[in-house]
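Participant: pasting the sequence and the predicted coordinates here, then a few questions.
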Amino acid sequence: MNDFNINDSLGYLIGQTNSLLRHQFNKMIKEKGFNTTVEQWGILNIVNVFPGITQSEIALKGRKDKTNITRMLDLLEKGGNVKRKSSEKDRRKYNIYITDNGKKLLNDIIPISVEVNKQGVKGINDEELEKVTSLLKIIQTNLM
């Protein structure tokens, strides 16, 4: 048997950290009375940066499957946060746009995101945080 310890595995640690951050973020979003999730907020961010993006492109950028994107867009549209418009190039596709309500929601949740990140990096100095961020970006690039 080898000396593998899952608790020291990079993938396990990153996954557990991601899970804890998402859980805390969703908890705080609900506590502040917002009817959304971190996943939906992520989609709003993508649509805000890339107005007119298609559902397939959102799935690629968000690294989510198309079915989940469609479901989340349905909820965001029902809440008045995004609007779909038929593509002029391909009637089978929709271009997605953020609404004024969606922009407000996006901005209202930013302080919650900042707070969760502050909680997560408590006890880590700026130099260490820059190093961790840099290393995570390198890992992402290596895996793309």
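Facilitator: Looks like it arrived, so ask away.

Participant: Arg84 touches Asp74, doesn't it?
Facilitator: No: with contacts counted by C-beta atoms under 8 Å, Arg84 stays clear of Asp74, the gap being 9.5 Å. To be clear about C-beta, it is placed using only N, CA and C from the backbone, and glycine gets the same treatment.

Participant: between the two, point out the one with more neighbours.
Facilitator: Per other C-beta atoms under 10 Å, whichever of Arg84 and Asp74 has more neighbours is Arg84, with 16 against 12.

Participant: for the more buried one, which non-adjacent residue is closest in space?
Facilitator: Distances taken as C-beta to C-beta, 6 or more residues apart in numbering put Tyr94 closest to Arg84, at 4.1 Å, once the chain neighbours are dropped.

Participant: over to Asn101?
Facilitator: Gly80 (4.5 Å).

Participant: and the one you found, how far is that from Asp100?
Facilitator: According to C-beta to C-beta, to the nearest Å, Gly80 stands 9 Å off from Asp100.

Participant: the two: which is more packed in?
Facilitator: When Gly80 and Asp100 are compared on other C-beta under 10 Å, the one with more neighbours turns out to be Gly80, at 12 against 9.

Participant: what packs against the helix or strand harbouring Gly102?
Facilitator: Using DSSP states H and E, Gly102 maps to helix 100-120. Using 3 or more C-beta pairs under 8 Å, 6 or more residues apart in numbering; DSSP states H and E, the elements in contact with helix 100-120 are helix 10-31, helix 38-49.
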